[in-house]
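Trainee: structure for the following, please:
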Amino acid sequence: MKKNELILINIISTQVDKDKITGPKKVLINTCKGLDNLGVKYVFNKCIKDYDYNWIQDNSAAIIEASLLNKPVIIGPNTAVLPKDLPILRSSLSPDSIYLCPSQWVIDMWKQSGFKECEMHSWPVGIDLDSFVLKKRTKNDLNKVLIYFKQRDKSILESAKQILKNKNIEYEVIHYGFYKEEEYKRALNESKLCIWIGCSESQGIALQEALATGMPMIVLDAQSLFDAVSENKKGYFDYKVPKSLENIKTSSAPYFDDRCGLKINSIDKLNDSIDYMFDNINVFSPREYIEENLSLEISSKKLVDIFSTIKIDREAFTSSNNYQIISKVLFYIDLFFKGWFYSWIFFKVKSFFKKSV
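Mentor: Next comes the predicted model:
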């Protein structure tokens with residue numbers, strides 16, 4: 001594909017018919033808005049074999065389908081947390097495929113987890129600057145702080161609240177997973193500063209939406225996957241993270257610079273950080289950072305540019321009327337078997353399938 005040539009993208013996503021706004025749903029919505037702004041056309045959930053450019057956002061069955069066709073595709077960023085969550089047959093993907101990771105630390109984590117099947121690119125989704133509008137904040141304006149809390153030790157939250165009480169600063173707490181977007185926008189509009197107490201984020205869309213409103217941040221940065229804590233009775237994060245990844249350096253805000261605010265790694269630094277932020281609130285320009293790095297158009301243009309690197313060789317693609325049925329059967333088998341036994345079955349079936357074409 002020639003650079004800047006308009007293309008038709010087949011977007012394969014389970015989010016199309018879902019109403020609830022989640023991270024993966026926001027990835028789909030914002031990417032489509034960005035593609036619309038660029039004039040790039042797209043369709044949803046069509047047959048992979050019928051399109052040159054296929055983006056598998058979050059559908060594992062489609063990965064199997066692409067493997068059977070031996071067709072290069074773009075995959076991610078919402079298909080898996082770690083390579084172990086992908087279908088076992090990912091080893092049969094076309095080596096010209098590309099896997100999208102939201103940030104560089106995720107790429108580092110996947111490399112350390114042994115993912116070698118295809119090239120990986122860092123690709124964050126864009127932020128809707130028309131939906132999250134700028135609110136100017138001044139030193140003498142407002143005296144309220146928003147605390148955003150997600151999957152961290154509750155003692156950190158309680159310490160932050162106590163520090164604000166001691167300073168006679170009003171605050172509001174937003175808990176991840178327990179608010180609507182309208183509530184979030186209202187809380188942002190009413191606050192001078194945000195204290196972000198979150199776990200490791202592959203991108204951090206909600207944080208970036210706050211930055212888009214001009215909200216300066218103090219981020220209590222989670223620099224390890226094991227900083228995450230869940231709300232379950234055991235008190236541990238539900239997802240099983242291998243101990244081998246404990247040295248991966250993560251972040252609660254992988255896209256952030258001095259214009260956005262401060263990152264701190266200890267609650268002990270919060271008191272002085274609040275004083276500094278209140279005294280220097282006019283110094284920060286977080287929306288400018290989002291405009292320069294994470295607008296809808298910038299993100300979607302990068303996705304189109306990644307597509308331009310894919311080599312299209314139509315003669316190399318396997319084609320059969322049965323491949324979709326076979327891919328669905330293999331997908332359900334994959335849910336039950338993840339080991340040498342399934343690998344053996346898959347390659348036997350794939351060999352038979354190739355012979356029957």
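Trainee: can you show me the helices along the stretch 1-150 of the chain?
Mentor: 23-38, 60-69, 104-112 (DSSP state H, counting those that start in this stretch).
Trainee: could you identify which of the ones you listed has the lowest mean pLDDT?
Mentor: The stretch with the lowest mean pLDDT among the helices of the stretch 1-150 of the chain is helix 60-69, at a mean of 88.
Trainee: helices and strands around that one, which ones?
Mentor: Helix 60-69 is packed against strand 53-56, helix 323-336, with contacts defined by 3 or more CB pairs under 8 Å, 6 or more residues apart in numbering; DSSP states H and E. Every C-beta, even on glycine, is put in place using the N, C-alpha and C of the backbone.
Trainee: ranges for the strands of the protein?
Mentor: Assigned by DSSP state E, the strands in the chain fall at 8-12, 41-44, 53-56, 74-75, 98-101, 119-122, 144-149, 170-175, 193-197, 217-220, 261-264.
Trainee: same list, the helices of the stretch 1-150 of the chain, but as TSV with distance to Lys165 and mean neighbour count please.
Mentor: Supplementary listing: the helices of the stretch 1-150 of the chain in TSV, determined by distance: least, CB to CB, whole Å; neighbours: other CB atoms under 10 Å:
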stretch	distance to Lys165	mean neighbour count
helix 23-38	32	19
helix 60-69	47	25
helix 104-112	34	18
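Trainee: Throw those into JSON lines and include distance to Ile48, thanks.
Mentor: Below are those laid out as JSON lines (distance: least, CB to CB, whole Å):
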{"stretch": "helix 23-38", "distance to Ile48": "18"}
{"stretch": "helix 60-69", "distance to Ile48": "5"}
{"stretch": "helix 104-112", "distance to Ile48": "23"}
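Trainee: ok, back up a step: confidence-wise, which of the helices and strands packed on helix 60-69 is weakest overall?
Mentor: The minimum mean pLDDT among the helices and strands packed on helix 60-69 belongs to helix 323-336 (a mean of 52).
Trainee: gap between Ile48 and Ala61?
Mentor: When distance is defined by CB to CB, to the nearest Å, Ile48 is 11 Å away from Ala61.
Trainee: now do Ile264
Mentor: The gap separating Ile264 from Ala61 is 43 Å, by CB to CB.
Trainee: same thing with Asp272?
Mentor: Asp272 is 52 Å from Ala61, where distance means CB to CB.
Trainee: of all the strands of the chain, which one is nearest Val81?
Mentor: Val81 lies closest, by CB to CB, to one member of the strands of the chain: strand 98-101, at 11.0 Å.
Trainee: show me what that closest one packs onto, helices and strands only.
Mentor: Contact here means 3+ CB pairs under 8 Å, 6+ apart; on that basis strand 98-101 packs against strand 74-75, helix 104-112, strand 119-122.
Trainee: try 6 Å
Mentor: Strand 98-101 sits against strand 119-122, with contacts defined as 3 or more CB pairs under 6 Å, 6 or more residues apart in numbering; DSSP states H and E.
Trainee: care to break this protein down by domain?
Mentor: By the assignment in automatic domain parsing, the chain contains the domains 8-126+299-356, 144-294.
Trainee: make a markdown table out of these and add distance to Arg137.
Mentor: Formatted as a markdown table, these follow (distance: least, CB to CB, whole Å):
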| stretch | distance to Arg137 |
| --- | --- |
| domain 8-126+299-356 | 24 |
| domain 144-294 | 5 |
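Trainee: that concludes my questions; thank you for your assistance.
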